[in-house]
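Visitor: 3D, please:
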Amino acid sequence: EPWRAEALRSGFQSLIAIPIKMFDSVIGIFVIYSSEKNYFDEEEIQLLDKAASDVTFALEIFEKEKMRKLAEEAVAESEKRFHTLTEVSPVGIFRTDLTGATTYVNQRWTQIVGISFEQSVGSGWYMSIHPDDQIKLYNEWKKVTREKVRSILEYRFIKPDGSIVWVIGQAAPETNADNEIIGFIGTITDITERKQAQDKFIVINKKMEAIIEAIPDLMFEIDLKGNIFNYHSSTDDLLLMAPSQFIGKNISQILPSDALALCLLALDEAGEKGFSRGKQYSLDLPIGKCWFELSLAPMKEDESEELHFIVISRDITEQKKADEALVKNKERYRGLLDNLEAGIVVHNCEGNIIMCNSIAAELLGYSIEQLMSGNKELLKWNFLNEDYSEMLFENYPINQILNSKIAIKNFPLGIKDVIKGTIAWIL
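Guide: Numbering: from 1, shown residues only. Modelled structure (predicted):
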């Protein structure tokens, strides 16, 4: 094994490689060398595995937050005003005798129902009623002719071409000069488009309700004074108190001083700019300390023309914990990296250096700050192949890993110091 001999010549006695994963996919790798034989005991391996798990946890938290935002955007595209109901079409007019038999219909009536005048008179029109509405309409007409009362009812006609027309029918007794009832006169109004719009609205509304129910954020309706009018939450676990205790009250009566000060600041900003985003506060809840991020946007004007805001309070507790864990992990990694007798460089998926130790900085000829700056104008690599020829950019170890998604082990690399005229060989 040539790499073993080369590693030994370079003073390395031990190495370990640990994959960095996100959602079970390898996105990077920790490769650590040591000049001490059998340096990586069980305790060290567990520590490094824990470090890799912590990185995975933090990365997955960030990705989930991104997905939730997409998800929140996907959610913001769907929130549009629905179509208004169409204006009432010109009405059809009909007249009947005392028994309810039709004696007259106008042209618009025949256009709506789709049958001729001759087919409409008497009880002929009844055959065009939708089968599911025939009994309902029969009982209604029976009541109208018996009790001589006004009637209003929605029902359907089936036109000769098979299409269905929804109408709202109204009828009232017709009287003569002596105020005697001589029959009934009524109208039908085509409400098919309105019915279709209502059905569509119901479908969309149910979809919107399902989407809103799936969103974990707390939502409140408040005015600029901080009065609470309404709320929505998929769970009450994140509420400071029961809804009955805060609906109709002011936030100054509800929130602790620190959270209140921040919310008032957000309201002032919303009143000035029309919106407010990104302000964070914490609450001590029965389930523990929870962190929230506020977003305010104009909602509507009520009857008094007072501006209301929709307030979204997002639970960012897990994100806060992840941030804290990330800080601790960075401190832990920094201590680990600085105590290892090997050069360590950690890249992100774009190939930029996100962490390294002092030994790696010394070997690469730059400070740690310069290496992590991502300044491509500053960072000029002079990498050599084993035959001392200049290494092509695509053959750089990190580029090979990013392109092939395969780990590289025991890769000999020469680093030329142009100023000093020296070459450092690493593995």
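
Visitor: what is the lengthiest helix in the chain packed up against?
Guide: Using DSSP state H to define each element, the chain has its longest helix at helix 42-78. With contacts defined as 3 or more Cβ pairs under 8 Å, 6 or more residues apart in numbering; DSSP states H and E, the packing partners of helix 42-78 are strand 14-22, strand 25-34, helix 192-214, helix 317-339. Just so you know, the C-beta spots here come from the backbone N, C-alpha and C atoms, and that holds for glycine as well.

Visitor: residue boundaries of the helices in the stretch 301-427 of the chain?
Guide: Ranges of helices in the stretch 301-427 of the chain, per DSSP state H, counting those that start in this stretch, are 317-339, 358-364, 368-371, 397-404.

Visitor: among those, which comes closest to Phe383?
Guide: Of all these, it is helix 397-404 that lies closest to Phe383, at 8.6 Å by Cβ to Cβ.

Visitor: contacting residues around the closest one?
Guide: Ile29, His347, Cys349, Gly351, Phe393, Glu394, Ile406, Ala407, Ile408, Phe411, Leu413 (Cβ atoms under 8 Å, 6 or more residues apart in numbering).

Visitor: out of those, which comes closest to Glu362?
Guide: Distance to Glu362, by Cβ to Cβ, is smallest for Leu413 among these, at 15.0 Å.

Visitor: wait, which of the helices of the stretch 301-427 of the chain is closest to Tyr104?
Guide: Of all these, helix 317-339 comes closest under Cβ to Cβ, at 72.4 Å.

Visitor: how big is the angle separating the closest one from helix 42-78?
Guide: Interaxial angle, helix 317-339 versus helix 42-78 (axes from the mean of the first three to the mean of the last three Cα atoms, to 10 degrees): 140 degrees.

Visitor: now do helix 317-339: everything it contacts.
Guide: 47-48, 51, 54-55, 57-58, 61-62, 65, 289-291, 344, 355-358.

Visitor: just stretch 182-198 next, same as before
Guide: 82-83, 85-86, 88-89, 91-98, 100, 103, 109, 112-113, 144-145, 151, 154, 164-176.

Visitor: what do you get if the cut-off is 7 Å, keeping everything else the same?
Guide: 83, 85-86, 88-89, 91-98, 100, 109, 112, 144, 165-176 (Cβ atoms under 7 Å, 6 or more residues apart in numbering).

Visitor: for stretch 283-295, same thing?
Guide: Against stretch 283-295 from outside (Cβ under 7 Å, 6+ apart): 237-238, 240, 259, 263, 266, 276-282, 311-317, 320.

Visitor: mind listing what's buried along that stretch?
Guide: For stretch 283-295, a neighbour-count test (16 or more other Cβ atoms under 10 Å) marks Leu283, Cys290, Trp291, Phe292, Glu293, Leu294, Ser295 as buried.

Visitor: partners of the helix or strand where the second one lies in the sheet?
Guide: Element membership of Cys290 [criterion: DSSP states H and E] is strand 288-301. When pairs are called by DSSP bridges, strand 288-301 turns out to pair with strand 276-285 (antiparallel), strand 307-315 (antiparallel).

Visitor: which one of those strands lies closest to Gly124?
Guide: strand 307-315 (55.1 Å).

Visitor: hmm, back to that, tell me which of the strands paired with strand 288-301 sits most buried.
Guide: Highest mean neighbour count of the strands paired with strand 288-301: strand 307-315, a mean of 19 (counted as mean count of other Cβ atoms under 10 Å).

Visitor: if I look at Ile368, how far off is Gly248?
Guide: 57 Å (Cβ to Cβ, to the nearest Å).

Visitor: how about Ser234, phi and psi?
Guide: phi -70, psi -20 (degrees, to the nearest 10).

Visitor: so how far is Asp217 from it?
Guide: Ser234 is 8 Å from Asp217, by Cβ to Cβ.

Visitor: higher neighbour count, these two?
Guide: Counted by other Cβ atoms under 10 Å, Ser234 and Asp217 do not tie: Asp217 has more neighbours, with 20 against 14.

Visitor: didn't that one look like it was pressed against Ser313?
Guide: Yes. Shown here, Asp217 and Ser313 form a contact pair, counting by Cβ atoms under 7 Å, at 6.4 Å.

Visitor: re the thing from before, who has more neighbours out of Ile368 and Gly248?
Guide: More crowded of Ile368 and Gly248, by other Cβ under 10 Å: Ile368, with 19 against 10.

Visitor: got the contact list for the closest residue to that one other than its chain neighbours?
Guide: Spatial nearest neighbour of Ile368, excluding adjacent residues (Cβ to Cβ, 6 or more residues apart in numbering): Ala361 at 4.8 Å. Applying Cβ under 7 Å, 6+ apart to Ala361 gives the contacts Ser367, Ile368, Leu371.

Visitor: ok, now Ser367?
Guide: Ser367 touches Ala361, counting by Cβ under 7 Å, 6+ apart.

Visitor: what do you get if the cut-off is 10 Å, keeping everything else the same?
Guide: Ser358, Ala361, Ser373 (Cβ atoms under 10 Å, 6 or more residues apart in numbering).

Visitor: what's the answer for Val91, then?
Guide: Taking Cβ under 10 Å, 6+ apart as the criterion, Val91 is in contact with 106, 108-109, 112, 167-170, 186-190.

Visitor: out of those, what pair is the most spread apart?
Guide: Taking Cβ to Cβ, no two of the contacts of Val91 sit farther apart than Asn106 and Ile168, at 16.6 Å.

Visitor: what bits of the stretch 251-400 of the chain have low per-residue confidence?
Guide: Within the stretch 251-400 of the chain, the segments meeting pLDDT under 70 span 300-305, 333-338, 340.

Visitor: can you check the stretch 101-250 of the chain too?
Guide: 208-216.

Visitor: the helices in it, which residues?
Guide: 107-113, 117-120, 131-147, 192-214, 243-246.

Visitor: format those helices as CSV; extra columns: mean neighbour count and distance to Asn38.
Guide: Listed next are the helices of the stretch 101-250 of the chain as CSV, based on neighbours: other Cβ atoms under 10 Å; distance: least, Cβ to Cβ, whole Å:
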stretch, mean neighbour count, distance to Asn38
helix 107-113, 18, 93
helix 117-120, 15, 101
helix 131-147, 14, 84
helix 192-214, 13, 53
helix 243-246, 12, 63
